[in-house]
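Novice: The following block contains a protein sequence and its predicted model.
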Amino acid sequence: MRRTYLGEFEEVVLLMVAILDGEGYGVTVSQALEEHTGRTVTFGTVHNTLIRLEEKGFVQSELGGATAERGGRRKRLFRITALGSQALQEIQQLRQNLWQLLPPHTFRLSGI
């Protein structure tokens, strides 16, 4: 199995794009990440990560319709690709395999 390596932030951004199911763009991904992870993220960091994921083939984007709230500008909407879905499945499997290797006493509190 060829492993797909993503940084931790790339992984959570890719997961959020999958969760948003075609409705994700820089602002919604940023807001959802903050809401679900409690992590403060900047739009620029998320936008750069989305572009990097697109260059890697994990997401694809298309321009949505223009909106008055954006001054007539169009949103770049991101959707996960088959390669992106495969990458997430591989990462999930790898993490599950590693968790199963932990000795049972790893999280036991000692001395209490």
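Specialist: Arrived safely. Quantities reported herein were computed from a predicted structural model and do not represent experimental measurements. Residues are numbered from 1 along each chain as shown.

Novice: pLDDT below threshold where in the protein?
Specialist: 1-4, 66, 68-72, 109-112 (pLDDT under 70).

Novice: Would you mark the buried spots in the longest helix belonging to it?
Specialist: As assigned by DSSP state H, the longest helix anywhere in the chain is helix 82-100. Residues Gly84, Ala87, Leu88, Glu90, Ile91 are the ones in helix 82-100 that count as buried (16 or more other C-beta atoms under 10 Å). (Glycine included, C-beta is placed from N, CA and C.)

Novice: and Met16, what is it in contact with?
Specialist: Gly24, Val29, Ala32, Leu33, His36 (C-beta atoms under 8 Å, 6 or more residues apart in numbering).

Novice: just the helices in the chain please.
Specialist: Counting by DSSP H, the helices of the chain are 8-20, 26-37, 43-56, 82-100.

Novice: neighbours around the nearest residue to Arg39 once chain neighbours are set aside, how many?
Specialist: Distance criterion C-beta to C-beta, 6 or more residues apart in numbering; nearest residue to Arg39, sequence neighbours excluded, is Leu33 at 6.2 Å. Residues near Leu33, counting by other C-beta atoms under 10 Å, number 20.

Novice: quick revisit: can you flag the buried ones in the contacts of Met16?
Specialist: Buried among the contacts of Met16 (16+ other C-beta under 10 Å): Gly24, Val29, Ala32, Leu33.

Novice: would you list these in CSV and tack on distance to Gly44?
Specialist: Below are these laid out as CSV (distance: C-beta to C-beta, whole Å):
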residue, distance to Gly44
Gly24, 16
Val29, 12
Ala32, 16
Leu33, 13
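
Novice: Would you mind measuring from Leu63 to Leu6?
Specialist: 25 Å (C-beta to C-beta, to the nearest Å).

Novice: which of the two has more neighbours?
Specialist: Leu6 (20 against 11).

Novice: mind checking the backbone torsions on that one?
Specialist: When read as degrees, to the nearest 10, the backbone of Leu6 gives phi -130, psi 150.
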